[in-house]
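**Student:** Here is my input; please provide its structure:
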Amino acid sequence: MKKHPVLTLFLTMLKIGAFTFGGGFAMLALLDRELVDKHGFLTHDEFMDLVVIAESTPGPVAINAATYVGYRVGGVIGALFSTLGVVLPSFSIIFLISLFFDTFLSLTLVAAAFRGIRAAVVLLILGAGVKMFRKMKKNAFSLSVMGVTLAVMLTFGLFAVSFSSIFYILISAVLGISVYLIGSLKKKEGDSK
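**Tutor:** Model (predicted):
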């Protein structure tokens, strides 16, 4: 018996929400594997667009991604259940921890576990970035923007300059739109000749 897509999506997001730590970027590899490779809810190009949209819109990446995919698969009901699936594990865990927060933090084992989780989160984010880079359409523009962005981020990091990631996104969006418009104008000029 085949499961309803909204139920499958809810269970998938519940699993993603329960077994990933470190926020939306740490979830990217698991989101890609589950939504693209395993269930086929999205193509890889749609997933890359989803990451850009989820990061560009207000709110956590995981919730934005879950809402978008849910809406695409099952409309408003799909968006509701998908979003509920991804937030329910975190909400439940944080609620339980809040009941005995002071006691929880004083446990040596818990402090050690959080230090280990922090290291794993860095590797999860790095792994997702490498996977996305491998599948990215590589052209002069995308590689130039990525190279300049990395150089600026490293420079700002070394000199402790505070610069919001929102500005990186906005500047890249303006550059992308500009290149698209210039390409469209050149194509129209070529067609009119």
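
**Student:** Restricting to C-alpha, output the lowest-mean-pLDDT helix or strand in the chain in CSV.
**Tutor:** Within the chain, judged by mean pLDDT, DSSP states H and E, the helix or strand with the poorest mean is helix 101-106; its value is a mean of 72. Below are the C-alpha coordinates for helix 101-106, written out as CSV (Å, rounded to 0.1, in the frame of the first residue of the first chain):
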residue,chain,number,x,y,z
PHE,A,101,17.2,23.3,32.2
ASP,A,102,19.6,24.1,35.1
THR,A,103,20.1,20.5,36.0
PHE,A,104,20.6,19.5,32.4
LEU,A,105,23.3,22.1,31.8
SER,A,106,25.3,21.1,34.8
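
**Student:** Tell me the helix or strand right after that helix.
**Tutor:** helix 108-135 (DSSP states H and E).

**Student:** Buried residues in that following helix, which are they?
**Tutor:** Neighbour counts using 16 or more other C-beta atoms under 10 Å place 121, 124-125, 128, 132 of helix 108-135 among the buried residues. Where C-beta positions appear, they are placed from N, C-alpha and C, glycine not excepted.

**Student:** got the buried residues for whichever helix or strand comes after it?
**Tutor:** As assigned by DSSP H and E, the chain's next helix or strand after helix 108-135 is helix 140-158. Within helix 140-158, the residues that qualify as buried are residue 145, counting by 16+ other C-beta under 10 Å.

**Student:** Which elements pack onto helix 140-158?
**Tutor:** Packed against helix 140-158 by the contact rule (3 or more C-beta pairs under 8 Å, 6 or more residues apart in numbering; DSSP states H and E) you find helix 165-192.

**Student:** domain ranges for this protein?
**Tutor:** Structural domains annotated on the chain: 1-136, 137-193, as defined by automatic domain parsing.

**Student:** Mean neighbour count, those domains: which tops it?
**Tutor:** domain 1-136 (a mean of 16; mean count of other C-beta atoms under 10 Å).

**Student:** so how far is that one off the chain centroid?
**Tutor:** Here domain 1-136 shows a centroid-to-chain-centroid distance of 8 Å under the convention C-alpha atoms, centre = their mean, to the nearest Å.

**Student:** and the angle for the helix or strand where residue 45 lies with helix 108-135?
**Tutor:** According to DSSP H and E, residue 45 maps onto helix 44-56. Relative orientation of helix 44-56 and helix 108-135, computed by axes from the mean of the first three to the mean of the last three C-alpha atoms, to 10 degrees: 130 degrees.
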